[in-house]
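[1] model the following, please.
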Amino acid sequence: MRALMEPVYTTGEVAKLTGVNFRTVIRWIERGELKGYKLPGRGDHRVQHSALLEFMESNGIPLPESFHIPVKKALIVDDDLAMANAIARVFKRLGWEVQVAQDGFEAGMLLASFQPRVMTLDLKMPYMDGFNVLALSREKFNQQALHIVVISAQGKTELDKALSLGADAVLQKPFENDVLKQIIQKIQPSN
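    Residues are numbered from 1 along each chain as shown. Have a look, this model is predicted:
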């Protein structure tokens, strides 16, 4: 079962928000004063939005004005730049921050650094196809409750396969912008 999407912060981001050094943030986490967790492998720490909010409020640390408004981020993965830009425009009109990746490798890097709430994904791309990106995304980034919308010109069999691999929704190209808007609003309602 996937958890609800909640922004996650690095120790560096927490340090900027609280006005301290990142090493101080690590000490807070290690002492149990700030709820956080370690990523497998490198051991980097992460802090969820709700835990940071609770910590800042209980310690009298002023909250930035924008802190209560989670940023809606979308990653558009499509090797056709014109299509990627068209999809990006739909998200931007709905108030989303958008990044574009033109292949699976770039998508993997942006999933880690950009931490989107939603990723749109073409199935047919160079280097690493959309099925592999979908499988890796579910395996590596499932803790973020990433919503994945496959947008592809592939047929029903391939779109059904994408759903079975963990896509939240599929949309066949060509499509109407209003249909994409409805999918976005269904899987990621306004806060």
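[2] helices of the protein, start to end?
    Assigned by DSSP state H, the helices in the chain fall at 11-18, 22-31, 49-58, 81-93, 104-114, 130-141, 156-164, 177-187.
[3] now those in TSV, with mean neighbour count and mean pLDDT?
    For every residue, glycine as well, the C-beta is placed using N, CA and C. Formatted as TSV, these follow (neighbours: other Cβ atoms under 10 Å; pLDDT from 0 to 100):
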stretch	mean neighbour count	mean pLDDT
helix 11-18	18	90
helix 22-31	16	95
helix 49-58	16	88
helix 81-93	16	95
helix 104-114	17	87
helix 130-141	18	85
helix 156-164	14	95
helix 177-187	15	91
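[4] so for H147, which of those helices sits nearest?
    Set against H147 and scored by Cβ to Cβ, the helices of the chain come closest in helix 177-187, at 4.6 Å.
[5] chain center to the closest one, what's the gap?
    With Cα atoms, centre = their mean, to the nearest Å as the basis, helix 177-187 stands 17 Å off its chain's centre.
[6] go on, stretch 106-116?
    Taking Cα atoms, centre = their mean, one finds stretch 106-116 lying 8 Å from the centre of the chain it belongs to.
[7] Y127 versus A88, what's the distance?
    From A88 across to Y127, the span is 21 Å (Cβ to Cβ, to the nearest Å).
[8] one more: F114?
    According to Cβ to Cβ, F114 and Y127 sit 19 Å apart.
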